[in-house]
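Trainee: sequence and computational prediction follow.
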Number of protein chains: 2
Amino acid sequence: MKSWRDSVRNVVPYTPGEQPKEDGVIKLNTNENPYPPSPKVLEAMKEITNLRKYPDPAVSDLTEALSSYYRIDSSEVFVGVGSDDVLAIAFLTFFNSDVPVFFPDITYSFYDVWADLFQIPFERKPLNEKFEICAQDYYGENGGVIFPNPNAPTGALLELETVRDILDHNREVLVIVDEAYIDFGGESALSLIHDYDNLLVVQTYSKSRSLAGLRIGYAMGNRELIKAMSDVKYSFNSYTMNEPSIVMGTAAIKDEEYFQDTRNKIIKTREWFQEELRELGFSFADSKANFVFAAHESIPARELFEAAKKEKIYVRYFDKPRINNYLRISIGTDEEMQALVRFFKSMMNK
Amino acid sequence: MKSWRDSVRNVVPYTPGEQPKEDGVIKLNTNENPYPPSPKVLEAMKEITNLRKYPDPAVSDLTEALSSYYRIDSSEVFVGVGSDDVLAIAFLTFFNSDVPVFFPDITYSFYDVWADLFQIPFERKPLNEKFEICAQDYYGENGGVIFPNPNAPTGALLELETVRDILDHNREVLVIVDEAYIDFGGESALSLIHDYDNLLVVQTYSKSRSLAGLRIGYAMGNRELIKAMSDVKYSFNSYTMNEPSIVMGTAAIKDEEYFQDTRNKIIKTREWFQEELRELGFSFADSKANFVFAAHESIPARELFEAAKKEKIYVRYFDKPRINNYLRISIGTDEEMQALVRFFKSMMNK
């Protein structure tokens, strides 16, 4: 018999990291910032009095604050509900050819999910043995290119020259540089958006700006790209950014001192933590993100993951080919990382 | 020359109603609630302290509050960023056949926008001369059915028996009843979700709950429908509801007394306002929503719309066939509606 079930879109959804509800957890599994947002964000919350009206569909206050911060025109900024929303809309807007979109085999695990959802053909380009992106792999004919920089979950950074090389070999398709982690030590491709009209740079408030709970992401690129994305976004949902996000997101971007301070703390903790990991027998690519992707010389990653979880320390484990012996460990406070190091030492009798 | 422009998705985006930024405006153009949300919502805002972490992707607190309010299982509730988000995801999830989806010719103007965006074939079924939906028009083979009840922008209500009749003739496809305005006087189809496994009932916080600024909508239906939508939603963006929406949305649904009070005030104002309109020479279908869709016996709608705007009174005008002599007027406070009536009287020398 015919049924509504015959027309349901079949997808294998993305599985987000666990959000444990118990107390006393050390949560190093979703790359959140261990520091609270700028106190100015909570102050701004008190200014939210009008919730009965629809928010500004153009999100002008936040868009202008971002354009002023990055010294670009407000027509070059697109704001969305987290960088996942921004990236999903970019996939829907730009990846409409029969030629496959290229992205790394080891990368943010949402790319193939969006491709499946929107029935976009894609091809995974393997990282080399050092888990690095090889520019030449992206030279061939394709329907678009996307990669994170620093890459996730490896934390490895591509130098800006290599990003430029990939762009030089892809002038006819959209190239997305997903910079969710760029504030933790890399050079942004933002400086290239006026040289390449097909470059979209995507960033987020969820990591370096301590505001994963607000859901704010943004894309920067030439105004024609931004207009095309806005048209698609307005065709999906005119009002996606709610009033609290607009008000608090605008306040957050204006507190540069707080941002620099917490960012530098995390970088310092990461450098110290990497040294500790090395002494414990872990190997990993040098991370320029707020996490480290590490494998131990003798203890399988799954075993470490399970044991840590029993001690209420949550790290991320991906049961996937090539990376199933690695842990992705978010950088928390010094105290949290010390607790993890102590736990590893006790496990290894060191 | 080949260009990234060749692969851009072409859409004609939805145009939301104006959100004027000037002061002293009487805003009757976007069907917002004239009353602020429950004071308990602003109280709950003070409880939001943790913004650095991702929100609960399952939105459990809000989902459970809704399921408890409507006395259904939490697996029968899907929450999204406004009912536009919920409806867009439903289109993407369920309308995947080659047979056209049916909806009225005069209806919520987003339906054809979503159909275009997702390349879904559709067929508009004309309302009769009284602007009523005719159940028989929806009997034929189709890829799904959607209609608002009360309909927008007419405000006309379908009795539950007619909704049931449409369902009885459509057992093999998804039927969406879009109940954005149901709290202002209609009977919800929620009571039918256990009889029809292909029925999805969609409601929103933006009108009767005075929270358009938070962006909360929800769908109710059998758990298999909800699961299919959740899978697609998780494939698009795992974390769409931000922490403020979850916390304040949960508080709002619990203040039933405030809800009943403001809802009844709006109904009372609407009934009085309809009498005034009739005396002024307007004709309209009896409205069961928080707006009236009215045409004047002698003055063209566009003229009334422009003149009111000059007096900073914003109503909605649609420059579309069949309805371009109508104004859609949201129900504001008594004072706001009195101001509009005074303005009409002065224009008509009454």
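Mentor: On my side now, so go ahead.

Trainee: what number of residues lie near A:H194?
Mentor: Using other CB atoms under 10 Å in any protein chain shown as the criterion, A:H194 is surrounded by 12 other residues. Placement of C-beta: from N, CA and C, glycine included.

Trainee: ok, now A:Q338?
Mentor: For A:Q338, the number of neighbouring residues by other CB under 10 Å comes to 15.

Trainee: can you tell me the element it falls in?
Mentor: In this structure, A:Q338 sits in helix A:334-347 according to DSSP states H and E.

Trainee: residues in contact with that helix?
Mentor: Under the contact criterion CB atoms under 8 Å, 6 or more residues apart in numbering or on different chains, helix A:334-347 has outside partners A:26, A:28, A:34, A:269, A:272-273, A:276, A:280, A:299, A:304, A:307-308, A:311, A:313, A:315, A:329, A:331-332, A:350.

Trainee: out of those residues, who's near chain B?
Mentor: Contacts with chain B within these, counted by CB under 8 Å from any CB of the partner chain: A:P34.

Trainee: up against chain B, what does the stretch 51-200 of chain A have?
Mentor: So the stretch 51-200 of chain A meets chain B at A:51-57, A:81-82, A:84-85, A:88, A:92-97, A:113-114, A:116-117, A:143-144, A:172-174, A:197-198 (CB under 8 Å from any CB).

Trainee: can you tell me which of the residues you listed are buried?
Mentor: Judged by neighbour count, with 16 or more other CB atoms under 10 Å in any protein chain shown as the criterion, the buried members of these are A:51-57, A:81-82, A:84-85, A:88, A:92-97, A:113-114, A:116-117, A:143-144, A:173-174, A:197-198.

Trainee: got the domain boundaries for chain A?
Mentor: With automatic domain parsing as the criterion, the domains of chain A are listed as A:17-36+A:257-347, A:53-254.

Trainee: quickly compare these and say which is most buried.
Mentor: Sort those by mean neighbour count, taking mean count of other CB atoms under 10 Å in any protein chain shown, and domain A:53-254 sits at the top with a mean of 21.

Trainee: just the ones of the residues of the stretch 51-200 of chain A next to chain B in helices?
Mentor: Residues of these located in helices (DSSP state H): A:G82, A:D84, A:D85, A:A88, A:L92, A:T93, A:F94, A:V113, A:W114, A:D116, A:L117.

Trainee: who does the helix ranked longest in chain A touch, helix- and strand-wise?
Mentor: Scanning chain A for the longest helix, with DSSP H as the assignment, gives helix A:256-279. Contacts defined by 3 or more CB pairs under 8 Å, 6 or more residues apart in numbering or on different chains; DSSP states H and E place helix A:256-279 against strand A:291-296, helix A:334-347.

Trainee: that older thread, which of the contacts of helix A:334-347 fall in helices?
Mentor: Using DSSP H, the members of the contacts of helix A:334-347 that fall in helices are A:T269, A:W272, A:F273, A:E276, A:L304, A:A307, A:A308.

Trainee: pLDDT added to those, as JSON lines?
Mentor: What follows is the ones in helices among the contacts of helix A:334-347, written out as JSON lines (pLDDT from 0 to 100):
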{"residue": "A:T269", "pLDDT": "98"}
{"residue": "A:W272", "pLDDT": "98"}
{"residue": "A:F273", "pLDDT": "98"}
{"residue": "A:E276", "pLDDT": "98"}
{"residue": "A:L304", "pLDDT": "97"}
{"residue": "A:A307", "pLDDT": "97"}
{"residue": "A:A308", "pLDDT": "97"}
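
Trainee: nearest to A:P244, of these?
Mentor: A:T269 (29.6 Å; CB to CB).

Trainee: pretty sure that closest one sits against A:V292.
Mentor: No - in this structure A:T269 lies outside contact range of A:V292 using CB atoms under 8 Å: 10.6 Å.

Trainee: joint contacts of these two?
Mentor: Shared contacts of A:T269 and A:V292, defined by CB under 8 Å, 6+ apart, are found at A:I331.

Trainee: got the phi and psi for A:I146?
Mentor: Taking degrees, to the nearest 10, you get phi -140, psi 140 for the backbone angles of A:I146.

Trainee: touching, it and A:P100? I think so.
Mentor: No - under the criterion of CB under 8 Å, A:I146 makes no contact with A:P100, lying 11.8 Å away.

Trainee: ignoring the adjacent residues along the chain, who's closest to A:L167?
Mentor: Setting aside the residues directly before and after it, A:L167 is nearest to A:Y196 in space (CB to CB, 6 or more residues apart in numbering or on different chains), at 4.9 Å.

Trainee: now the helix holding A:Q338 against helix A:256-279, angle please.
Mentor: Per axes from the mean of the first three to the mean of the last three CA atoms, to 10 degrees, the angle that helix A:334-347 makes with helix A:256-279 is 10 degrees.

Trainee: and helix A:334-347, how far out from the chain's middle?
Mentor: Distance of helix A:334-347 from the chain centroid (CA atoms, centre = their mean, to the nearest Å) equals 26 Å.

Trainee: same check, this time on stretch A:70-81
Mentor: From the chain centre to the centre of stretch A:70-81 is a distance of 18 Å (CA atoms, centre = their mean).

Trainee: ditto for stretch A:71-82
Mentor: Worked out by CA atoms, centre = their mean, stretch A:71-82 lies 17 Å from the chain centre.

Trainee: contacts for it next, please.
Mentor: By CB under 8 Å, 6+ apart, the list of residues contacting stretch A:71-82 from outside reads A:59-60, A:62-64, A:66-67, A:70, A:86, A:89, A:190, A:193, A:204, A:206, A:215-223, A:226-227, A:229-230, A:233, A:240-241, A:245, B:81, B:237, B:239-240, B:242.

Trainee: strands along chain A, start to end?
Mentor: With DSSP state E applied, chain A shows strands at A:26-28, A:77-80, A:101-104, A:122-125, A:145-148, A:175-178, A:199-204, A:217-220, A:282-284, A:291-296, A:313-317, A:327-330, listed in chain order.

Trainee: need those in a markdown table with mean pLDDT and distance to B:N325, can you?
Mentor: Below are those laid out as a markdown table (pLDDT from 0 to 100; distance: least, CB to CB, whole Å):
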| stretch | mean pLDDT | distance to B:N325 |
| --- | --- | --- |
| strand A:26-28 | 96 | 59 |
| strand A:77-80 | 98 | 38 |
| strand A:101-104 | 98 | 48 |
| strand A:122-125 | 98 | 50 |
| strand A:145-148 | 98 | 49 |
| strand A:175-178 | 98 | 47 |
| strand A:199-204 | 98 | 44 |
| strand A:217-220 | 98 | 42 |
| strand A:282-284 | 97 | 69 |
| strand A:291-296 | 98 | 61 |
| strand A:313-317 | 97 | 60 |
| strand A:327-330 | 98 | 60 |
